[in-house]
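J.: sequence and predicted structure, then a few things I'm wondering about:
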Amino acid sequence: MADAPTPAPPQPESRNPRVARPEDGGESTVTVIVAFLANALIAGAKTVAATITGSASMLAEAVHSWADTGNEIFLLVADKRSRRPADAQHPLGFGREAYVWSMFAAIGLFAVGAGVSITHGIQELVHPEPADSYGVAYAVLALAFVLEGVSFLRARRQARDEARAADRDTLHHVLVTSDPTLRAVFAEDAAALVGLVVAFAGVLAHQVTGSPVPDAIGSIVVGVVLAVVSVVLIDRNRRFLVGEAAMPATRAAVLEGIRDLPEVERVTYLRLEYVGPRALYLVASVDLRGDESETSVARRLDDLERRVTSVPLIAGAVFTVSAPEEPSIA
């Protein structure tokens, strides 16, 4: 469900938006912790292997894993800080901090992972050095593939379950989900598996041909893969930070839910914006059934807000009364 918005109509100053604490993201926290432990073990093993073998691809993979390990720390910080409850200075909560810290992680992946890998690969092409102890490299790559595979399967299972609940394809869900930690772990682990295959090919070609060129090219390819992944992650976090309209299916479901409320005659305005992972902020103008006093209408609107924010996905809501001439929305 990815999403965000346009400016809301002026709201009466006498009424404050009702804001609920976003749904707990415990499953994403576990996914990040699994990825952190796997990447820390892999980074250490790859560093030892790169030192022993002198392989450019192995060094690129070591840098990649250290970058991923650091990124998981950013993602854990993102998860913790974004789930703080709203306060007087932050009436809509801290949900968007998840996108800020996830952006830092993506920038780190680009600068450290991609930058170092490509730079070292180019240096290896210009000043080639021989490699040896290929058995160590293969053993570490195999271990890394198993550990990365475990982490990736964990992220994939979470993504698949969420996608099934939202009636989406898994990959599409990873791209549009409002949870940046799930997207980051899934994308980084997938890139890591691709990088391991590339590194294996580079080391094998170096051993067979005796030329360090394939190994250096492997390092550059790993860097390019990381650059592509990091740019995609940066763009998705940017979109959630600046605001992105709710997907049509999400908006249609919310609109139908409001229309089904017995006191609502019609809906003339609806805005949905993500203010954090799995946390939508809703602004709507409705025409209520009956003809009542201003006090009674205010109470009914307050009751509507309370009922709508009881839904886990809706983190906050503001309802106003529609003007008589306003047309209903489709």
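T.: Everything's here; your move. Numbers count the residues shown, from 1 in each chain.
J.: every contact and neighbour count from this point should use C-alpha atoms.
T.: Noted.
J.: contacts only, for residue 187.
T.: residue 229 (CA atoms under 8 Å, 6 or more residues apart in numbering).
J.: avg pLDDT for the helix or strand that contains it?
T.: In the assignment (DSSP states H and E), residue 187 maps to helix 180-209. For helix 180-209, the mean pLDDT works out to 92.
J.: swap in stretch 30-39?
T.: Mean per-residue pLDDT for stretch 30-39: 91.
J.: what's the longest strand in this protein?
T.: strand 264-276 (DSSP state E).
J.: in it, what's buried?
T.: 264, 266, 267, 268, 269, 270, 271, 272, 273, 274, 275, 276 (16 or more other CA atoms under 10 Å).
J.: got the contact list for the fifth one?
T.: Translated: residue 269. Taking CA under 8 Å, 6+ apart, we find residue 269 in contact with 283, 284, 285, 286, 328, 329.
J.: quick one: which two of the residues you listed are the most distant?
T.: Based on CA to CA, the longest span within the contacts of residue 269 runs between 283 and 328 and measures 14.9 Å.
J.: between those two, tell me which one has more neighbours.
T.: More crowded of residue 283 and residue 328, by other CA atoms under 10 Å: residue 283, with 21 against 14.
J.: look up phi and psi at that one.
T.: Per-residue torsions, residue 283: phi -130, psi 130 (degrees, to the nearest 10).
J.: so it touches residue 268, yeah?
T.: No - here residue 283 lies out of contact with residue 268, judged by CA atoms under 8 Å, at a distance of 10.9 Å.
J.: still on that earlier bit, for the contacts of residue 269, which one is nearest residue 243?
T.: Checking the contacts of residue 269 one by one against residue 243 (CA to CA), the nearest turns out to be residue 283, at 14.4 Å.
J.: so which residue is dead centre in the chain?
T.: When the chain is reduced to its mean C-alpha position, the nearest residue by CA atoms, centre = their mean turns out to be residue 180, at 1.7 Å.
J.: on that earlier part again, save the contacts of residue 269 as TSV, and put in distance to residue 198 and pLDDT too.
T.: As requested, the contacts of residue 269 are arranged in TSV below (distance: CA to CA, whole Å; pLDDT from 0 to 100):
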residue	distance to residue 198	pLDDT
283	49	90
284	51	91
285	55	90
286	57	88
328	56	83
329	52	83
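J.: in helices only, show me those.
T.: Judged by DSSP state H, the subset of the contacts of residue 269 located in helices is empty.
J.: which ones among those are found in strands?
T.: Per DSSP E, the contacts of residue 269 map to strands at 283, 284, 285, 286.
J.: just those now: which is nearest residue 147?
T.: Closest approach between these and residue 147, by CA to CA: residue 283, at 44.9 Å.
J.: what separation do you get for residue 117 and residue 196?
T.: Residue 117 sits 13 Å away from residue 196, going by CA to CA, to the nearest Å.
J.: residues shared between the contacts of the two?
T.: residue 61.
J.: quick one, which of the two is more surrounded?
T.: Higher neighbour count among residue 117 and residue 196: residue 117, with 31 against 22, using other CA under 10 Å.
J.: which residues of the stretch 1-150 of the chain score low on pLDDT?
T.: Low-confidence segments of the stretch 1-150 of the chain, defined by pLDDT under 70: 1-25.
J.: the strands in it, which residues?
T.: 18-19 (DSSP state E, counting those that start in this stretch).
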